[in-house]
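>>> Here is my input, please return the structure:
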Amino acid sequence: MASDDIKPHAGGTEPDYRFTLANERTFLAWLRTALGLLAGGVAVHQLVPSPAAASAVLAGLCVVLAAVLAATAYPRWRRVQVAMRAGEPLPRSLMILVLTGGLLLLIVAAAVLLAVS
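Residues are numbered from 1 along each chain as shown. This next block holds a predicted model:
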């Protein structure tokens, strides 16, 4: 059976429930991270008064990164679940690189905001 025919909850071989639960915890961790970034963006927008353009950029970066993480969390969970059912190697994810780069960009933007204010 090809992995194209396998669904996250049907087909292939039932994976060990511990792996399925670990995959679910990872999915939820991506969502928690997205919610934290969203809350950070809202906090920056509401609590950092000046300069307004710099705080808007920082808040916007937080919100965009949160949206990217939230949008990619489910597809990643699904690919991993299907790979486990098919007995294939787990797929690679660029999201770790995207998250690292995004956080580095946020840190630089926050440092610039501190230096300017």
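>>> where does this protein dip in pLDDT?
1-3 (pLDDT under 70).
>>> What ranges does it have for its helices?
Under the criterion DSSP state H, the chain carries helices at the ranges 17-47, 52-86, 95-116.
>>> May I see the buried residues of the longest one?
By neighbour count on 16 or more other CB atoms under 10 Å, the buried set for helix 52-86 is 54-55, 58-59, 61-63, 65-66, 68-70, 72-73, 76-77, 79-86. The C-beta positions use only the backbone N, C-alpha and C, and glycine is treated the same way.
>>> Same check on the last one?
Buried residues in helix 95-116, counting neighbours by 16+ other CB under 10 Å, are found at M95, L99, G102, L106, A109, A110, L113.
>>> tell me the centre residue of the chain?
L69 (2.8 Å; CA atoms, centre = their mean).
>>> Spit out the contact partners of that residue.
W30, L31, T33, A34, L37, M95, L99 (CB atoms under 8 Å, 6 or more residues apart in numbering).
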